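starting from these lines, generate the structure:
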Amino acid sequence: MPEGDTVYRTATALREGLEGKTLTRCDVRIPGYATVDLTGHVVDEVVSRGKHLFIRVGPASIHSHLKMEGSWKVVPASRPSRAGYRIRIILEAGEGEQAVQAAGIDLGVLEILEREHDMDAVAHLGPDLLGDDWEPRVAAQNLSADPDRPLSEALLDQRLMAGVGNVYANELCFVTGHLPTAPVGSLRDPLRMVQRARDMLWLNRSRWNRTTTGDTRPGRDVWVYGRAGKLCRRCGTPIRRDGNGDRVSYWCPHCQR
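Numbering: from 1, shown residues only. Now for the predicted structure:
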C-alpha cells in the first residue's frame, strides 16, 4: 500500500531515471491534459511531499498522488511497461542504451500545474515525516489539538503530519499499546508517538520490503496489519479486525487497551 515511504522511494527512482535528462516523449492519457506535450524540456527535479509527487520539467510540474493502487515504474525504454490501459502518463528521456521510460500506472491524481505555484496543491499538509520541513513538536501539537478524536483517524489526517497511511496507523497503535479507536487524549506523550512515526518511515524509506517489526522476512514484517485471526507476536492472542469504517483496523485485544 503506497504510504510516505513508498512515495519517497518512488521519487528517488524517478530522480535517478529522469533528472537532468531531456524528455523525448510525453504522453498524457487523461482527457484534461491529453494535449500537453513537454517533449524537448529538461527534467530539472523530482520532489516528494507527504504522499504527493512533483516532476518539474520546463515551465510545468507533473503532480501525482498514488492513492490506493497507483505506482510509477521506471524501466529501460527498450523494455517498456506493459500495463496497457492502466497507464495514465508515459515519460521517456535520454538516448540510446541510457534511455528510460517512466510510466504512471493507476494514479489516483494526475495533473499538470504551473511550476511556480505547484506547492499550492500541498499547502494544507502538516510537517512531512520524510521532508526537510519535519518538525516533531509541531506535529505533536497538531495531533493533540482534538483530544476526543480516534487515534487512528488522527494519524491518517495528512493535515496534522504528512506520510502516515493505514499500515503505519495500525502498527503505531500496536507498538504504543493503544486501540485504533482510543481518543488522542489518552496519549501520555504525543511527541513520542510522532517520533515513532518518523522512525518507522525513515527506516523503511530506502527498501521495498517494508517492516515495522525489524524482521524483513515474508510473513514476519508487521505486528498486526493484515493479520486478522493470526496470533499476536507478543502475547499469542488472535488479532482482531474491523472493516466497518473508512479504513480497516487491526489490533490485539490484550496488548492494546
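
show me the contacts for the closest residue to Asn166 other than its chain neighbours.
Closest residue to Asn166 apart from its sequence neighbours, by Cβ to Cβ, 6 or more residues apart in numbering: Arg247 at 4.8 Å. From N, CA and C alone the C-beta is placed, and that goes for glycine too. Taking Cβ atoms under 8 Å, 6 or more residues apart in numbering as the criterion, Arg247 is in contact with 152, 156, 166, 169.

what helix or strand is Arg247 on?
Remark: Arg247 resides in no helix or strand, with elements defined by DSSP states H and E.

and after whatever helix or strand Cys26 lives in, which helix or strand comes next?
Secondary structure assigned from DSSP H and E places Cys26 in strand 23-28. Sequence-wise, the next helix or strand downstream of strand 23-28 (DSSP H and E) is strand 43-49.

run me through the strand neighbours of the helix or strand that that next one is followed by, direction for each.
Note on strand 43-49: by DSSP H and E, the next helix or strand toward the C-terminus is strand 52-57. Strand partners for strand 52-57, identified by DSSP bridges, are recorded as strand 43-49 (antiparallel), strand 60-65 (antiparallel).

quick one: closest of these to Arg234.
Judged by Cβ to Cβ, the one of these that comes nearest to Arg234 is strand 43-49, at 33.3 Å.

strands of this structure, residue ranges please.
Using DSSP state E, the strands found in the chain span residues 23-28, 43-49, 52-57, 60-65, 71-76, 87-93, 100-105, 109-114, 240-242, 249-251.

columns distance to Asp146 on top of the ones you listed, output as a markdown table?
Below are these laid out as a markdown table (distance: least, Cβ to Cβ, whole Å):
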| stretch | distance to Asp146 |
| --- | --- |
| strand 23-28 | 39 |
| strand 43-49 | 24 |
| strand 52-57 | 24 |
| strand 60-65 | 25 |
| strand 71-76 | 33 |
| strand 87-93 | 36 |
| strand 100-105 | 35 |
| strand 109-114 | 26 |
| strand 240-242 | 21 |
| strand 249-251 | 19 |
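
can you list those in a markdown table and add mean pLDDT?
Output for those, formatted as a markdown table (pLDDT from 0 to 100):
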| stretch | mean pLDDT |
| --- | --- |
| strand 23-28 | 98 |
| strand 43-49 | 97 |
| strand 52-57 | 98 |
| strand 60-65 | 98 |
| strand 71-76 | 97 |
| strand 87-93 | 98 |
| strand 100-105 | 98 |
| strand 109-114 | 98 |
| strand 240-242 | 97 |
| strand 249-251 | 98 |
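
any chance of those strands in JSON lines, plus mean neighbour count and distance to Leu231?
Shown next, in JSON lines, are these (neighbours: other Cβ atoms under 10 Å; distance: least, Cβ to Cβ, whole Å):
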{"stretch": "strand 23-28", "mean neighbour count": "18", "distance to Leu231": "48"}
{"stretch": "strand 43-49", "mean neighbour count": "20", "distance to Leu231": "36"}
{"stretch": "strand 52-57", "mean neighbour count": "24", "distance to Leu231": "38"}
{"stretch": "strand 60-65", "mean neighbour count": "22", "distance to Leu231": "36"}
{"stretch": "strand 71-76", "mean neighbour count": "17", "distance to Leu231": "32"}
{"stretch": "strand 87-93", "mean neighbour count": "22", "distance to Leu231": "41"}
{"stretch": "strand 100-105", "mean neighbour count": "22", "distance to Leu231": "36"}
{"stretch": "strand 109-114", "mean neighbour count": "16", "distance to Leu231": "39"}
{"stretch": "strand 240-242", "mean neighbour count": "16", "distance to Leu231": "12"}
{"stretch": "strand 249-251", "mean neighbour count": "26", "distance to Leu231": "13"}
